[in-house]
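> need a structure here:
(2 chains)
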Protein chains: 2
Amino acid sequence: MKAEIVAVGTELLLGQVVDTNSAEIAQGLAELGIDCYFQTHVGDNPLRLAAVLGQALVRSDVVIVTGGLGPTEDDLTKEALAAVAGKRLQLHPEALAQVRGYFERLGREMPENNLRQAMIPEGAEILPNRVGTAPGVYLKVHGAHVFCLPGVPGEMRAMWKEEVAPRLSRLAGGPSVILSKTLRFYGIGESALEERVKDLLHGENPTVAPYASVGEVRLRITAKADSPGEAARIIEPVEREIRSRAGRFLYGEGDDTLERVAGRLLRERGKKLAVAESCTGGLITHRITNVPGSSDYLRQGWVVYSNEAKVEQLGVRPETLARHGAVSEPVAAEMAQGALQRSGADLAVAVTGIAGPGGGTEEKPVGTVCFALATPGGTRTWTARFAGSREEIKWRSASEALNLVRLALLEERETP
Amino acid sequence: MKAEIVAVGTELLLGQVVDTNSAEIAQGLAELGIDCYFQTHVGDNPLRLAAVLGQALVRSDVVIVTGGLGPTEDDLTKEALAAVAGKRLQLHPEALAQVRGYFERLGREMPENNLRQAMIPEGAEILPNRVGTAPGVYLKVHGAHVFCLPGVPGEMRAMWKEEVAPRLSRLAGGPSVILSKTLRFYGIGESALEERVKDLLHGENPTVAPYASVGEVRLRITAKADSPGEAARIIEPVEREIRSRAGRFLYGEGDDTLERVAGRLLRERGKKLAVAESCTGGLITHRITNVPGSSDYLRQGWVVYSNEAKVEQLGVRPETLARHGAVSEPVAAEMAQGALQRSGADLAVAVTGIAGPGGGTEEKPVGTVCFALATPGGTRTWTARFAGSREEIKWRSASEALNLVRLALLEERETP
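Okay, here's the model as predicted:
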C-alpha cells in the first residue's frame, strides 16, 4: 500500500504555521509498514485542493488529509473531496449529533456555522472527534481510501490513534490494534544503544525504532494485534530484553523526562533536594519546577554565577577558588556541601562549567562542566565535556545533573 | 508569478524531521508578494523526485527546492533536475573551487564524495554557500525559474536571503534589494497593537506584517529597493511612526529578547541584578544566562520554592507569609528586599505566583502572579494574572519580570 499526506491551509502556504501534523502521521504510517511517498501542502482554494486530491487518489492507495474541516467558508476539504469523488454533501445526522454534543458539554449554544461540520459526502463514514467539534471523514473513492482529519494537532492525534491507525492496519491486512511503547535512555549514544539491541531492530512485530534528540535516545516498540492485551503481550518480552541490556541507561518510558523521574524518586523516598547552579543558570530548577507538585521535594535553588556569590551564599572558600578555579571539582563539591547545609535538604547537586561561547582555555575548553552530589554520607564529584552551543551545553549539563540525582536515589534504595 | 516549494528528503516522509524550511521560504515569498500555491515533500527517489519537479515546472513560474544537495548517493536533486530539464550534469570549476575552499578553511582534506557537490546541470548558475559545502543551483527550464538550496536550515536561510530573494525580486519586476526589520513588543496584545498601527498595515512598500507568539508580538517591516540605502530610507519613516505610537511596549528589534535588552541596559548602567524566584522556578535566571556575558551583571539568583526557603534564605517574615499568603505583594516585596540586601546587587526582582495546574483558589486563581522590584531607593509591587499551561504561565511571568527590570532601568536613565 502506498500512502500520501495532504495538509490543507492557506496559513501553511504563507509560512505562518509550521506543519508538524505531516511528520506525526508519517511516523504513524512508518510504524504500520505503509510507505508514504508524497506530502503536499495546499491552500483553502477549491480548484487547487481538488487538483491535489484528484492526483493523490490516482497515485496512492491511502490519502490522509488534515485541515479544512472547520466551520467557516474557508474550510473546503469536504467540498473538494465530494467534487473529486462525484458525490454530494449531505447533512449527516450522527455527525450533527456529535457536533451538537460537543457544544452541549461546554454548556454553549451551537453557532449556526457549525452545521457545516455535519455536512458529509454521501457514502462516507464519520470518524468521531473526542477532542474538538469537527468529525473526521472516511471515504473510499475509485479504490483509494481517503481519511480527512482536523488540522488542530491534538484533535488530529487522537483521531489518528483511535480511528485511522486501526483501520489502516486492517486495510493493510494486519490486525486492528497498534500499540506503541517508548523507552527513554540517558548517557548512551544512539549508535552505542543500537549496538546493544541491534538484533531486535529488524523484527516485524513488534518493530523497534530508535530516535535521538539533544542528550537522549528513545526506542519505540510497536506491536500490531487483534486486541490491546495481545499487543501488550507482544511488546512485553522485547521490552524486558531491552531493559536487561540497557541497565541504568534506561531512565523512563512514555512521557517521562529526567526531571519527572528524579522527582518521582524524591517523592517516593521522602527526600528533599537542593540545587546550586553556576553555568546552568537556573535551568535545573526550571526543569524540576516544570513538573506539577515539585514544591513537595524541591527545597531550594541557588544561581551563583559570580565567585562572590559562590563564597557569600554557599560558603565556597576563596582559597579553593584561587587554587582550582571556579570550574573545578573541589568548587563543585563545596557548592553542593554549602547548599546541603544551608538548605537542610537530604541531597544537593551542584554544577559549575563553561557554557561558552567565551571563557574556554586549553586546559578547560568550552563544554567542560564539573558536578558534585552531596548527601550527609559524603560528596561525589565528576567532570564531563559537552559539545554544542551555549544553550545545548546548558541543557546537557542540566540533564547530567538530574541523572546524577536519579542514580544516587536508585543506589540508595538498593543499599539496605 | 506563481511559486511552489519542494522539500526533498526521505527523513521527511518517515516523519523523522519536521520541515521548517518550507514555512520560512513561504514567509519570504509572501514578503516579495509572490503567491505560493503548493508545497511538496518527496523522498530521495529519482523517479518520484523527477515527477514532482516536472509537475512543478509545468504549473509554476518559480520552484524553490530544498535538500538533496549533499555528497552521498542518496542526494539526487541535481540529477533529477537535470533529467527533467534534458541537461547533463558536468563538473563546474567555480563550484569545485567553493567546495574545496570550504574544506581548506576547516584545514581538512576534501573527501572524494564531495566532488558530487560540484556537479551542476549544464547551463545552470551556482549560488555560493557561505555557511556550508554545497553550492546552490539556479536554472531556467521551459520558462520556469528553479532554485535548488541546501536542506540544512542555516545554509538554506543564508542562501535564500543573499542569493534567491534578490533574484526573485528582480524577476517579479521589482527592485533587487529586500530589507526587513523586525520590531518587538511586550505588554500589548496583537489586536491592540494592530489597532494602533492599522493605517500602516496596508502599504505596499514597505509592507508591515504582525506576528504573535507567547507573550509577545512582532511587526516585520519589509522594503524593496534598488540599493540597501534606499531600502533603509523606505523603512525609516514607518519605523519611526511605529516607535512613536508604541512607546514603551516596543522593547527591541531584530533578534532582541527581553533578557538581551535588560542585560544590555544593566551593562550600560553598570548595574548588578539579583533575582528571587518562586513560581518561575529558575526560568528568569535561565533566560538571563542564555545571553553570553551575562555573568557581568547577574549577581545572584535564588529559587525559593518553599515557605521555609523564603524565610531562611531571603528573610521573608513568617508573619507576612501567615497574614498575606506566599502569593502576595508583601511577600514579593520582602523577597526582593532580601535578595537586594543579601546579594549587594543594585536592583532585585522577585516573583511569587501560582503556575498551576493545582494550587488555585477563588480569590487567587491559577495564573495569579505577584512581582516586586527593589532598589536602594524603594520597592514597587505589582500583580498580574496570566492564562495558559503551567509552562506558559512560567514563561509569561519570567517575561513580565524581565520587562519590569527593563522599564526600571529606562526610567532611571531618564531621571537625572
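
> list the neighbouring strands of the helix or strand bottoming out on mean pLDDT in chain A plus their orientation.
Ranked by mean pLDDT, DSSP states H and E, the helix or strand of chain A with the weakest confidence is strand A:207-213, at a mean of 82. According to DSSP bridges, strand A:207-213 forms sheet pairs with strand A:216-225 (antiparallel).

> what is whichever helix or strand comes after the partner strand packed up against?
On the C-terminal side of strand A:216-225, the nearest following helix or strand under DSSP states H and E is helix A:228-246. Helices and strands in packing contact with helix A:228-246 are listed as strand A:177-185, helix A:190-197, strand A:216-225; criterion 3 or more Cβ pairs under 8 Å, 6 or more residues apart in numbering or on different chains; DSSP states H and E. Every C-beta, even on glycine, is put in place using the N, C-alpha and C of the backbone.

> tabulate those (TSV), appending mean neighbour count and mean pLDDT.
Rendered in TSV, the data for those read as follows (neighbours: other Cβ atoms under 10 Å in any protein chain shown; pLDDT from 0 to 100):
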stretch	mean neighbour count	mean pLDDT
strand A:177-185	20	89
helix A:190-197	15	87
strand A:216-225	22	89
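
> who's in contact with the least confident helix or strand of chain A?
Outside strand A:207-213, the residues that touch it by Cβ atoms under 8 Å, 6 or more residues apart in numbering or on different chains are A:30-31, A:33, A:190, A:193-194, A:197, A:200-201, A:217-222, A:238, A:242, B:16.

> from residue B:249, how far off is residue A:100?
42 Å (Cβ to Cβ, to the nearest Å).

> neighbour-wise, which of those two wins?
The neighbour comparison of residue A:100 against residue B:249 (other Cβ atoms under 10 Å in any protein chain shown) goes to residue B:249, with 19 against 15.

> was I right to think that one contacts residue B:184?
No: the pair residue B:249 and residue B:184 fails to qualify as a contact (Cβ atoms under 8 Å) at a distance of 9.5 Å.

> for the residue of chain A positioned farthest from its centre, give me its contacts.
Here the centre of chain A is the reference, and by Cα atoms, centre = their mean the most remote residue is residue A:319, at 45.1 Å. Shown in contact with residue A:319 (Cβ under 8 Å, 6+ apart): no residues.

> ditto for residue A:163
With contact taken as Cβ under 8 Å, 6+ apart, residue A:163 is in contact with A:127-128, A:136, A:138.

> and for residue A:230?
Residues A:175, A:177 are the ones in contact with residue A:230 under the rule Cβ under 8 Å, 6+ apart.

> show the pLDDT at it.
According to the predicted model, the pLDDT of residue A:230 comes to 93.

> returning to that earlier point: for the helices and strands packed on helix A:228-246, give me TSV that also has distance to residue B:265.
As requested, the helices and strands packed on helix A:228-246 are exported to TSV (distance: least, Cβ to Cβ, whole Å):
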stretch	distance to residue B:265
strand A:177-185	41
helix A:190-197	43
strand A:216-225	37
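
> of these, which is nearest residue A:62?
Taking Cβ to Cβ, strand A:177-185 is the member of those nearest to residue A:62, at 14.8 Å.

> nearest residue to residue A:227 other than its sequence neighbours?
Excluding its sequence neighbours, the residue lying closest to residue A:227 (Cβ to Cβ, 6 or more residues apart in numbering or on different chains) is residue A:177, at 6.0 Å.

> partners of that neighbour in the sheet?
residue A:225.

> out of the helices and strands packed on helix A:228-246, which comes closest to residue B:77?
helix A:190-197 (26.5 Å).

> so what does the closest one touch, helix or strand wise?
Secondary-structure packing of helix A:190-197 (3+ Cβ pairs under 8 Å, 6+ apart): strand A:207-213, strand A:216-225, helix A:228-246.

> is the helix or strand where residue A:48 lies anywhere near chain B?
Element membership of residue A:48 [criterion: DSSP H and E] is helix A:46-59. Yes: with Cβ under 8 Å from any Cβ of the partner chain as the measure, helix A:46-59 is seen reaching chain B through A:48, A:52.

> make a markdown table out of the contacts of residue A:163 and add pLDDT, neighbour count and secondary structure.
Supplementary listing: the contacts of residue A:163 in a markdown table, determined by pLDDT from 0 to 100; neighbours: other Cβ atoms under 10 Å in any protein chain shown; DSSP: H, G, I helix; E, B strand; the rest coil:
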| residue | pLDDT | neighbour count | secondary structure |
| --- | --- | --- | --- |
| A:127 | 97 | 22 | strand |
| A:128 | 95 | 15 | coil |
| A:136 | 97 | 25 | strand |
| A:138 | 98 | 17 | strand |
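
> of these, which is the nearest to residue A:167?
Using Cβ to Cβ, residue A:138 is the member of the contacts of residue A:163 that sits closest to residue A:167, with 7.0 Å.

> which strand residues bridge the residue in the stretch 101-250 of chain A positioned nearest to chain B?
Among the residues of the stretch 101-250 of chain A, residue A:211 lies nearest to chain B; the distance is 7.3 Å by Cβ to the nearest Cβ. With DSSP bridges as the criterion, residue A:211 is bridged to residue A:218.

> for residue A:347, which non-adjacent residue is closest in space?
Distances taken as Cβ to Cβ, 6+ apart place residue A:375 nearest to residue A:347, at 4.7 Å, with adjacent residues excluded.

> thinking again about what came up before, can I get the helix holding residue A:48 as CSV, trimmed to CA atoms?
Coordinates of the C-alpha atoms in helix A:46-59 are reproduced here as CSV (Å, rounded to 0.1, in the frame of the first residue of the first chain):
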residue,chain,number,x,y,z
PRO,A,46,-11.4,24.8,-4.2
LEU,A,47,-9.7,24.2,-7.6
ARG,A,48,-6.2,23.6,-6.4
LEU,A,49,-7.4,21.5,-3.4
ALA,A,50,-9.5,19.4,-5.8
ALA,A,51,-6.5,19.0,-8.2
VAL,A,52,-4.2,17.8,-5.4
LEU,A,53,-6.8,15.4,-4.0
GLY,A,54,-7.5,14.1,-7.5
GLN,A,55,-3.8,13.4,-8.2
ALA,A,56,-3.5,11.8,-4.8
LEU,A,57,-6.4,9.5,-5.4
VAL,A,58,-4.9,8.4,-8.7
ARG,A,59,-1.4,7.7,-7.5
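
> neighbouring strands of the next helix or strand after it in the sheet, and parallel or not?
Next along the chain after helix A:46-59, taking DSSP H and E as the criterion, comes strand A:62-66. Note on strand A:62-66: by DSSP bridges, its sheet partners are strand A:2-8 (parallel), strand A:144-149 (parallel).

> so can I have TSV of those showing mean neighbour count and mean pLDDT?
Compiled in TSV, these are given as follows (neighbours: other Cβ under 10 Å; pLDDT from 0 to 100):
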stretch	mean neighbour count	mean pLDDT
strand A:2-8	25	97
strand A:144-149	24	98
